[in-house]
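# coords below, sequence missing:
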């Protein structure tokens, strides 16, 4: 492998159970199977020498490359323009529509020549189980097969019997090397298949064309359910499709990102595994996708959250875990892959996530807000779920004054985070609404008393008179952009003097060239070395905060400027570095949820129409009637 590509120089393809990253050099350098959170087969993104890859490249020294998605789909096209000809690598994964988990996944890499003559080199070098397990590669009558223990990866050649383009392969050190020679109008390629049900075979181009057409039709049909007609349709639709690519169809769970350990600082240690379903992120998706009209996905998310509540409520140290695997299991023991150097030598590479068992009080507000929002819109909570919810709310009443790790999952010690208190207020408030609206049994007097106590504590101790702002933790003077959600969730009026001065303080301390930092690690040590970039989701929360406060011109400026930091495909990682580089795991669901919510909110206000703002990129979007300015 060559040097590491930039994080932003990638596109995402997937089949709704797993996904792969494809660089602008048409290299698959990240792919896990059979699920997003399974061990990798291609992992060169985290170790260029050992990780494994599948590369298709033109056999010329000089070329121009372009990469784009086929319109309104997740079919990725990487074009190579040379003086000898023009060719393209078309990458896609046919959606796994069975609704059941499967080990069988197909990566289709179709190579076409549009002009002149072109020769491509194809290299396939898997690294099974994070490159911890050896493999053998054998030639069969019509293809090749990689075998590592019980894992099999078949290489089917895409070729026409009358016009063979792929030459005989060479096996060197466990790497399969092929050569493809094409002229204008011809097509070839490879189809990589995990856990195949038969031996490798020659796949006619016509068969790949049908798979391609079916995949295009799937995405066109899915996107047709969107009712978003606003100003930013292209980026909103791309965000929605990206979120769909990160949703595990058999369970409805949405992962935070398909990658692990992409650094928040090059050479730093802020590297985490995001291939799991955060309670917080998953419930956010309900509001964004309901706002766009994707009711099927919203129902699946609601069921997944309800299952977690019913399984865990009232048991164990905490009723809920912070995150789960996509199948709902909760074993996320954290370990490091010491044999990998990490992206651009940014060790450690972590798998699993030790934050799963932290106490983060905000997740209870997220769950209750999600289920109350769904309950209002016809996805009513079952009796069994309500029983579990009442136990969970009673636990919140007993434990809301505990110190916690907070939304940012810091490892520098628990605190009385103000955001956690605000989220506790949300949990109690939404539970009270759910009980009152449908006459459900509840200890309303107790719940209301605790809700009011939480509110008073935030107003009295979360407010710092000297800073004239709400602060990160009770009694501190440190600012935190998670508090940008306060007006959106109804905790405080967006034109309240306390809120206006808080927003101005955040702008002064945490906003740099319209981009927003989460907090200042120097002012509030988080137990980790190094620094980080601006947090992309926070910037979009800032947009909503400005819009709700009536500062529409400023909100639109920040929004449009932030859109310029997307990569060439409209995708965002977690953070933006000082030089504009994308940092952290990629693409990040939280950011794309925030984009959708910010666009919906800003559209509503710019249209000067009174409508329910269900879009808030806050961590707890919910319906509030707001008169647009």
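In hand now; what should we look at? Computed from a predicted structure; not experimentally measured.

# Next up, identify which helix or strand residue 369 is on.
Per DSSP states H and E: residue 369 is located in helix 362-376.

# Tell me which other helices or strands that helix touches.
helix 279-292, helix 295-312, helix 383-399, helix 418-438 (3 or more C-beta pairs under 8 Å, 6 or more residues apart in numbering; DSSP states H and E). C-beta: built from backbone N, CA, C; applies to glycine.

# Give me whichever of those helices is most buried.
Greatest average neighbour count among the helices and strands packed on helix 362-376 goes to helix 279-292 (a mean of 26), per mean count of other C-beta atoms under 10 Å.

# Does anything pack onto it? Which helices or strands?
Using 3+ C-beta pairs under 8 Å, 6+ apart: helix 279-292 touches helix 233-245, strand 253-254, helix 295-312, helix 362-376, helix 589-606.

# thinking again about what came up before, what's the angle from the helix holding residue 369 to helix 383-399?
150 degrees (axes from the mean of the first three to the mean of the last three C-alpha atoms, to 10 degrees).

# Could you give the separation of helix 362-376 from the chain centroid?
20 Å (C-alpha atoms, centre = their mean, to the nearest Å).

# before we move on, the earlier item: mind putting the helices and strands packed on helix 362-376 in a markdown table, mean pLDDT and distance to residue 176 included?
Output for the helices and strands packed on helix 362-376, formatted as a markdown table (pLDDT from 0 to 100; distance: least, C-beta to C-beta, whole Å):
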| stretch | mean pLDDT | distance to residue 176 |
| --- | --- | --- |
| helix 279-292 | 82 | 38 |
| helix 295-312 | 89 | 38 |
| helix 383-399 | 95 | 51 |
| helix 418-438 | 97 | 51 |
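
# Nearest to residue 43, out of those helices?
helix 279-292 (23.5 Å; C-beta to C-beta).

# tell me the angle that closest one makes with helix 295-312.
Using the same axes, to 10 degrees: helix 279-292 against helix 295-312 is 150 degrees.

# In the chain, where is pLDDT below threshold?
Scanning the chain for pLDDT under 70 picks out the ranges 1-2, 161-164, 282-283, 313-316, 411, 524-531, 608-629.

# For the closest residue to residue 357 other than its chain neighbours, which three-state class applies?
Residue nearest to residue 357 in three dimensions, not counting chain neighbours: residue 321, with 6.6 Å by C-beta to C-beta, 6 or more residues apart in numbering. Here residue 321 is recorded as coil under DSSP: H, G, I helix; E, B strand; the rest coil.

# can you redo the helices and strands packed on helix 362-376 as CSV with distance to residue 166?
As requested, those are arranged in CSV below (distance: least, C-beta to C-beta, whole Å):
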stretch, distance to residue 166
helix 279-292, 41
helix 295-312, 39
helix 383-399, 54
helix 418-438, 56
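
# closest one to residue 522 among the ones you listed?
Among the helices and strands packed on helix 362-376, the nearest to residue 522 by C-beta to C-beta is helix 418-438 (19.3 Å).

# Now do the closest one: which elements does it pack against?
Using 3+ C-beta pairs under 8 Å, 6+ apart: helix 418-438 touches helix 362-376, helix 383-399, helix 444-461.

# swap the cut-off to 10 Å and go again
In terms of contacts (3 or more C-beta pairs under 10 Å, 6 or more residues apart in numbering; DSSP states H and E), helix 418-438 is packed against helix 362-376, helix 383-399, helix 444-461, strand 469-470.

# Report the inter-axis angle for it versus helix 444-461.
Relative orientation of helix 418-438 versus helix 444-461 (the same axes, to 10 degrees): 150 degrees.

# closest to residue 597 out of the helices and strands packed on helix 418-438?
Here helix 362-376 is closest among the helices and strands packed on helix 418-438 (C-beta to C-beta), at 12.7 Å.

# Could you verify that residue 138 is part of a strand?
Yes - with three-state DSSP as the criterion, residue 138 is assigned to a strand.

# Please tell me how far it sits from residue 122.
The gap separating residue 138 from residue 122 is 17 Å, by C-beta to C-beta, to the nearest Å.

# okay, those two: which has more neighbours?
Taking other C-beta atoms under 10 Å, residue 138 and residue 122 do not tie; residue 122 has more neighbours (25 against 11).

# Looks like that one contacts residue 109 (just checking).
Yes - assessed by C-beta atoms under 10 Å, residue 122 is found in contact with residue 109 at 8.1 Å.

# Overlap in contacts, these two.
26, 54, 56, 89, 188, 189, 190 (C-beta atoms under 10 Å, 6 or more residues apart in numbering).

# From those, which land in helices?
Under the assignment DSSP state H, the shared contacts of residue 122 and residue 109 contribute nothing to helices.

# any idea which of the residues you listed is the one closest to residue 350?
Residue 350 lies nearest to residue 54 out of the shared contacts of residue 122 and residue 109, by C-beta to C-beta, at 24.3 Å.

# mind listing what that closest one touches?
Taking C-beta under 10 Å, 6+ apart, one finds 20, 22, 26-29, 31, 41-42, 44, 91, 107, 109, 122-126, 153, 155, 176, 190, 192 in contact with residue 54.

# what does residue 108 give?
With C-beta under 10 Å, 6+ apart, residue 108 has these contacts: 13, 75, 90-94, 156, 158, 189-193, 203, 207-208, 211-212, 215.

# need the helices and strands packed on helix 418-438 in TSV with distance to residue 83, can you?
What follows is these, written out as TSV (distance: least, C-beta to C-beta, whole Å):
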stretch	distance to residue 83
helix 362-376	55
helix 383-399	64
helix 444-461	65
strand 469-470	60
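
# what's the closest of those to residue 229?
Closest among these, using C-beta to C-beta: helix 362-376, at 22.1 Å.

# still on that earlier bit, among the contacts of residue 108, which ones are buried?
13, 75, 90-94, 156, 158, 189-193, 203, 208, 211-212, 215 (16 or more other C-beta atoms under 10 Å).

# In helices only, show me these.
Filtering those for helices - DSSP H - leaves 208, 211, 212, 215.

# export those to CSV and tack on distance to residue 445?
Below are those laid out as CSV (distance: C-beta to C-beta, whole Å):
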residue, distance to residue 445
208, 65
211, 60
212, 61
215, 55
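
# For residue 7, give its distance to residue 575.
10 Å.

# shared neighbours of these two, anything?
Counting by C-beta under 10 Å, 6+ apart, the residues touching both residue 7 and residue 575 are 262, 263, 581, 582, 583, 584, 585.

# So which of the residues you listed belong to strands?
The members of the shared contacts of residue 7 and residue 575 that map onto strands under DSSP state E are 582, 583.

# farthest-separated two in the shared contacts of residue 7 and residue 575?
581 and 585 (14.1 Å).

# Among the two, which residue is more densely surrounded?
A count of neighbours by other C-beta under 10 Å puts residue 585 above the other of residue 581 and residue 585, at 25 against 15.

# what's near enough to touch that one?
7, 255-264, 271-275, 573-575.

# neighbours around the residue lying closest to it once chain neighbours are set aside, how many?
Distance criterion C-beta to C-beta, 6+ apart; nearest residue to residue 585, sequence neighbours excluded, is residue 257 at 3.7 Å. Per other C-beta under 10 Å, the neighbour tally for residue 257 reads 26.

# Residue 257 contacts residue 36, correct?
Yes - using C-beta under 10 Å, residue 257 is in contact with residue 36, at 9.0 Å.

# tell me, what's touching these two both at once?
Listed as contacting both residue 257 and residue 36 by C-beta under 10 Å, 6+ apart are 19, 246, 274, 275, 276.

# Neighbours of the second one, how many?
Applying other C-beta under 10 Å, we find 28 residues neighbouring residue 246.
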